[in-house]
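Engineer: Next comes the sequence, and after it the predicted model I'd like to discuss.
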Amino acid sequence: MKHQHRSIKSRALLLGLLYALTTLPVFADDTEIFFGSTLPTADAVYPNVLFILDTSGSMDTTVSGTGKSRMENMKEALQNLLSTIDNVNVGLMRFNDPGGPILYPTSYINESLTVATATDPGTNISSRIGTSPDDATEKSGTLDLTNTRLEMAYGDNSAANNFANRVGTSSDDAEETISNGSIALTGSNLNMTSSQINGYRFTNTSIPQGANITSANLVLKSRGNYSQDVTFRFYGQAADDPGTFQNATNNISGRTKTTAYVEWTPAAWSNNQNVTSPDISSIIQELVNRSGWTANNHLVILQTHESGSNQRGVDSYDQNPGDAPLLNITYTTGTPGNQDIGLRFQDIAVPQGATITSAVIEFTAASSNSDAMTLSVNAMDDDNAPTFSASNDVSGRNLTATTVNWTPGSWNSGDVIQTPELKDAMQEVVNRTGWCGNNAMAFKISGSDAFKRVAYSYDGDPTRAPILRVTYDDTSIPASGGRNRI
């Protein structure tokens, strides 16, 4: 364990890389260093050097010939640089979307931390799940590290079933002009623009009422090259067995929408490219949970334009039935059983023995659920929690004595949800003699109700993976408290 009193050289490295490894992915592709032009003088006026650290998803890319990621190479380069440069002022900044904060203002490289004037940002910490093995689902001892969703507190042991069907007739994909409600049932393409709403109807879905929808998406065939930003939104039609579209005013917009919806901000498209929507399982789940739903019912997906001046175009049934919109659904129908969720957060920069003033885990809902249920949350009693890797690796770990009961309210897909206060459970871990700041901390979430809440996992959407948010009292750090170098 390294104590906190050290030169700003180590301090800058710690802060810069801590935040580099815990920020949100934003898909930039450069790491840039800006140098001041002022040379040192007799009055000790040193040049300012601001390090801007790229912390985007592209930094996970492996660098050819090194066997290491761009992030790992950047860490090594920064360590070497900060260990050798002198007679400069250094500051650290991270790149984030839509901008980035100054983590540490420029200060003399060899200045003691007790003299440096920067406010320590480490008292407010956010750590998002950053790798696939850091969130896990365990059921009957079997570990799943790649599930796109975190289902609390039950899952389904039965084999997965697959449904795939394209729009099958000319009147099952249609466009409506918003200004006058007119309907177009034929045409070679479906324009996804701000001036219209589109509908896609899929027949004979073969999915039983109440089935557990594990994944669902739409596959569309692009009718051009598109690159500008645009956001669409998908709903279902809240009906048990909706009919085909008709040439009647407002025949699409007049249909009742599901509560669940999914937004899509697609990347650039190339002509004739098959493009896949985000997961829309929350929409399908709401439909098959309807009391009047039965297997082989039909369903409708509605698509609106939410923002952006650009448009997209896709093939319709009339252009080519083989390229018509395709709906893919994976579902299970077995008896549900309880399961445990494990969450591991890296680089928790809380010094050993510091007083935790607040701690919560934040989820993004992947489906809409409102059934009453109770969950329990424990911290795992480890000095430096390892990743999840083996059978019983969630249920078999030692837990803190503090259990936090959680009765979540209704969740709607896309909502950001926080647990109750977890500071007492986290305090037990931070008080361990072997704990040191920047170690990893893990939590277990379990329950016994036959209902669930479903959140995005890292594999479902890294930008919506769970986040641990912590604050601590920096005046409470004992003399022996400290943080590890990263």
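Structural biologist: Here it is on my side, so go on.
Engineer: now this structure, which segments are flagged as low pLDDT?
Structural biologist: Scanning the chain with the threshold set as pLDDT under 70 gives 1-45, 55-60, 94-106, 111-122, 154-159, 334-337, 448-451, 479-486.
Engineer: need the helices for the stretch 251-400 of the chain, in chain order.
Structural biologist: Assigned by DSSP state H, counting those that start in this stretch, the stretch 251-400 of the chain shows helices spanning 281-288.
Engineer: Walking through it, point out its strands one by one.
Structural biologist: For the stretch 251-400 of the chain, the strands defined by DSSP state E, counting those that start in this stretch cover 257-264, 274-276, 299-307, 312-315, 326-332, 336-338, 340-348, 355-364, 375-379.
Engineer: can I get those in JSON lines with mean neighbour count and distance to L78?
Structural biologist: The way it works is simple: take the backbone N, C-alpha and C, and place the C-beta from them, glycine included. Shown next, in JSON lines, are these (neighbours: other Cβ atoms under 10 Å; distance: least, Cβ to Cβ, whole Å):
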{"stretch": "strand 257-264", "mean neighbour count": "20", "distance to L78": "36"}
{"stretch": "strand 274-276", "mean neighbour count": "15", "distance to L78": "37"}
{"stretch": "strand 299-307", "mean neighbour count": "21", "distance to L78": "37"}
{"stretch": "strand 312-315", "mean neighbour count": "23", "distance to L78": "41"}
{"stretch": "strand 326-332", "mean neighbour count": "20", "distance to L78": "43"}
{"stretch": "strand 336-338", "mean neighbour count": "16", "distance to L78": "45"}
{"stretch": "strand 340-348", "mean neighbour count": "24", "distance to L78": "15"}
{"stretch": "strand 355-364", "mean neighbour count": "19", "distance to L78": "29"}
{"stretch": "strand 375-379", "mean neighbour count": "21", "distance to L78": "31"}
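Engineer: show me the contacts for the nearest residue to D134 once chain neighbours are set aside.
Structural biologist: Once flanking residues are discounted, D134 sits nearest to R344: 4.2 Å by Cβ to Cβ, 6 or more residues apart in numbering. By Cβ atoms under 8 Å, 6 or more residues apart in numbering, the contact set of R344 is 129, 133-135, 385-388, 440-442.
Engineer: G292 too?
Structural biologist: Taking Cβ under 8 Å, 6+ apart as the test, what G292 contacts is 240-241.
Engineer: gap between it and T259?
Structural biologist: According to Cβ to Cβ, to the nearest Å, G292 stands 16 Å off from T259.
Engineer: Kindly report the same for P408.
Structural biologist: For P408, the distance to T259 - Cβ to Cβ - is 17 Å.
Engineer: again with D393
Structural biologist: 36 Å.
Engineer: same thing with N110?
Structural biologist: Taken as Cβ to Cβ, the span from N110 to T259 is 59 Å.
Engineer: ditto for A390
Structural biologist: Relative to T259, and taking Cβ to Cβ, A390 is found at 39 Å.
Engineer: Same check on N48?
Structural biologist: 53 Å.
Engineer: Equivalent analysis for N369, please.
Structural biologist: 11 Å.
Engineer: Kindly report the same for N392.
Structural biologist: N392 is 37 Å from T259, by Cβ to Cβ.
Engineer: which ones are touching T146?
Structural biologist: 132, 459.
Engineer: So it belongs to a helix, correct?
Structural biologist: No - T146 is assigned coil when assessed by DSSP: H, G, I helix; E, B strand; the rest coil, not a helix.
Engineer: State the distance from it to F345.
Structural biologist: 19 Å.
Engineer: do the same with I329
Structural biologist: 33 Å.
Engineer: just Q311 next, same as before
Structural biologist: 40 Å.
Engineer: just the strands in the stretch 51-200 of the chain please.
Structural biologist: 62-63, 68-69, 89-95, 102-108, 124-128, 135-139, 142-144, 149-152, 154-156, 161-166, 173-177, 183-184, 189-192, 196-202.
Engineer: If L326 is in a bridge, with which residues?
Structural biologist: Legend: beta-bridge partners of L326 under DSSP bridges are R166, V219.
Engineer: what about it, distance to D134?
Structural biologist: 33 Å.
Engineer: So A211 is in contact with Y331, correct?
Structural biologist: Yes - taking Cβ atoms under 8 Å as the definition, A211 is a contact partner of Y331 at 4.4 Å.
Engineer: which residues are in contact with both of these two?
Structural biologist: Common neighbours of A211 and Y331 (Cβ under 8 Å, 6+ apart) are 161, 288.
Engineer: In space, what's closest to L302 - neighbours in sequence excluded?
Structural biologist: In space, L302 is closest to Y235, 4.6 Å off (Cβ to Cβ, 6+ apart).
Engineer: Beta-bridge partners for that neighbour, please?
Structural biologist: Y261, L302.
Engineer: Could you do S127 as well?
Structural biologist: Going by DSSP bridges, S127 forms beta bridges with L468.
Engineer: so how many other residues sit close to it?
Structural biologist: 23 (other Cβ atoms under 10 Å).
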